[in-house]
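1. I need the structure of the sequence given here:
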Amino acid sequence: MPPRTSNPPTTAEPLPADASPPDADPVPPRRGWQLLTDRVFGAFFAGKLVSTIGVWVHNIAAAILVFELTGSALLVGAVTVGQFVPQLVITPFSGAQADRGDRRRQVIVGRLVAASGSGLLVLWSLIVGLEGRAGAGAVIVAATIVGVGFALGGPAMSALVPSLVRREELASAIALSASPFTIARVAGPAIGAVLVATAGATTAFLVATVTNLAFAAVLWRLPIPTTARRTGRETSIGAGLRYVRSDAAMLGLLVGIAAIGVGADPVITLTPSMAADLGQDAGFVGVLASSFGLGAAGAFLVLGVLRRWLGLERLGVAGMLTLATGLVGFAAASAPGPAVVAAVVGGIGLTTALTSLTTIVQQRVPDELRGRVMALWSMAFLGSRPLAAGTTGAVADAASVTVALGLSIAVVLAGAVVVGRSRVSPAAAQPSRGT
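-> Okay, the predicted model is just below:
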């Protein structure tokens, strides 16, 4: 594939770990809107946004359908368990592969597998039907296949971002790359809930299939230059683990990111039960999830100002405290209105916390370890979800939604304490150790 020739250049080869950066770059870093109009980064952003909306359409449709079929928050949590358990099993290997091979191709493979999960569920619905606990079981199996796709491509997608922009544009690029996740929280749940209510869950799963296929097609056509990577002992999974163990600040960041994942889970696992407790129908599940996404997306409007004012480390801690505040509002809500407000607050906290901590991770890690460290990022943020979903779903069934939310709040607050004590200010990437 021919190299890109746009001007100004948007790709910089990673510097060797022991090299010094140039004294000055003659081309100033581009602003966010300029990155979005770049034919490589902009196309990547658009494809990721459409695909992520499809993921949320699938997630909300699956949660609503399983709750309607079984009435069990535990089985709704099982959908999340199925989707995110592969993060714990597959991601360490896919992260190592991202440091050895073609990251773009790896993302494409992951998206094709994710599309097959939604697509097979469409076929099952048309041939067998989605009814009773057997139908719920099919949804859980499909979620697991989707999760395998995420685990295969997730670390490579995160590691790919720095190759799309120049180094001094990385903070802006990471914030923009994270925004499809939060914007999709606004559109995806609403679209999913409307599709389930008007056209049926099968149509929602079909939309998820098409969006993942579309992103794979976009990636296939993008002229992203590849960088030769060394092979051998330094690409082992253990090298990434040794690096994190040797960097206490990085370990603290990953603990905080895991806590954020736990705090984000109730928006999927517990909202069907919350809607029922508040006397609302299934459509209110989409309202709550979209409100959470609205807050998450709105936070991007002030994220740059807050980052300059507070710094990344303090902004990350402040975001975690805001996320916990939103969960407290969820637990205290006795009417739909306060629950929606709490969802918006929680979404604001998610964006500020996750984007800040992820930016620090990307700025600290050497490029030769990026895939493996971002695999650990995925295991922290997404791999924490099965434990969170299974635990909070079981507690909600056995006790109450309020008690389940209390557990999530405690985890988020504990994570904020760890991050605050870890002195995790960004630092330039250092040569890898233990490789």
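2. contacts only, for the spatially most central residue of the chain.
-> By Cα atoms, centre = their mean, the chain has its centre lying nearest to residue 181, at 6.1 Å. The contact partners of residue 181, by Cβ atoms under 8 Å, 6 or more residues apart in numbering, come to 52, 296. (C-beta placed from N, C-alpha, C; glycine too.)
3. give the buried residues for the helix or strand harbouring it.
-> Assigned by DSSP states H and E, residue 181 belongs to helix 170-198. Residues of helix 170-198 classed as buried by neighbour count (16 or more other Cβ atoms under 10 Å): 170-193, 195-196.
4. any low-confidence regions in the stretch 201-350 of the chain?
-> Applying pLDDT under 70 to the stretch 201-350 of the chain picks out residues 225-237.
5. touching, residue 224 and residue 163? I think so.
-> Yes: proximity of residue 224 to residue 163 meets the contact threshold set by Cβ atoms under 8 Å, at 6.6 Å.
6. what residues are up against residue 195?
-> So residue 195 contacts 57, 61, 201, 203-204, 207 (Cβ under 8 Å, 6+ apart).
7. mind listing what's buried in the helix or strand where residue 35 lies?
-> Assessed by DSSP H and E, residue 35 sits inside helix 32-36. Neighbour-count burial for helix 32-36 flags residue 35 (criterion: 16+ other Cβ under 10 Å).
8. likewise stretch 33-53?
-> 35, 38, 40-45, 47-53.
9. was I right about residue 115 contacting residue 214?
-> No: taking Cβ under 8 Å as the definition, residue 115 is not a contact partner of residue 214, at 9.2 Å.
10. those two - which one has more neighbours?
-> Comparing residue 115 with residue 214 by other Cβ atoms under 10 Å, the one with more neighbours is residue 115, at 24 against 17.
11. what's the helix or strand for that one?
-> Going by DSSP H and E, residue 115 is in helix 103-127.
12. sec struct for residue 334, please.
-> At residue 334 the chain is in coil, as set by DSSP: H, G, I helix; E, B strand; the rest coil.
13. can you tell me how far it sits from residue 362?
-> Here residue 334 is placed at a distance of 41 Å from residue 362 (Cβ to Cβ, to the nearest Å).
14. which of these two has more neighbours?
-> Applying other Cβ under 10 Å to residue 334 and residue 362 shows that residue 362 carries more neighbours, namely 24 against 9.
15. for that one, which non-adjacent residue is closest in space?
-> residue 174 (5.6 Å; Cβ to Cβ, 6 or more residues apart in numbering).
16. residues touching the one you found, list them.
-> 161, 355, 358-359, 362.
17. quick one: contacts of stretch 267-284?
-> Counting by Cβ under 8 Å, 6+ apart, 59-60, 63-64, 67-68, 73, 76-77, 80, 185, 193-194, 196-197, 285, 288-289, 292, 330, 333-336, 339, 343, 346, 388-389, 392-393, 396, 401, 404-405 sit against stretch 267-284.
18. now with 6 Å, please.
-> 59, 63-64, 67, 73, 76-77, 80, 193, 197, 285, 288-289, 292, 336, 389, 392-393, 396, 401 (Cβ atoms under 6 Å, 6 or more residues apart in numbering).
19. how far does it sit from its chain's centre?
-> 23 Å (Cα atoms, centre = their mean, to the nearest Å).
20. show me which positions of that stretch end up buried.
-> Buried-residue list, stretch 267-284, by 16+ other Cβ under 10 Å: 267-278, 280, 282, 284.
21. stretch 102-110 now?
-> 102-104, 106-110.
22. ok, these vs residue 251, which is closest?
-> Nearest to residue 251 among the buried residues of stretch 102-110 is residue 103, at 24.5 Å by Cβ to Cβ.
23. my read: that closest one touches residue 156, true?
-> Yes: using Cβ atoms under 6 Å, residue 103 is in contact with residue 156, at 4.1 Å.
24. one step back: what about the helix holding residue 115, average pLDDT?
-> Helix 103-127 carries an average pLDDT of 92.
25. and for residue 335, the neighbour number?
-> Residues near residue 335, counting by other Cβ under 10 Å, number 9.
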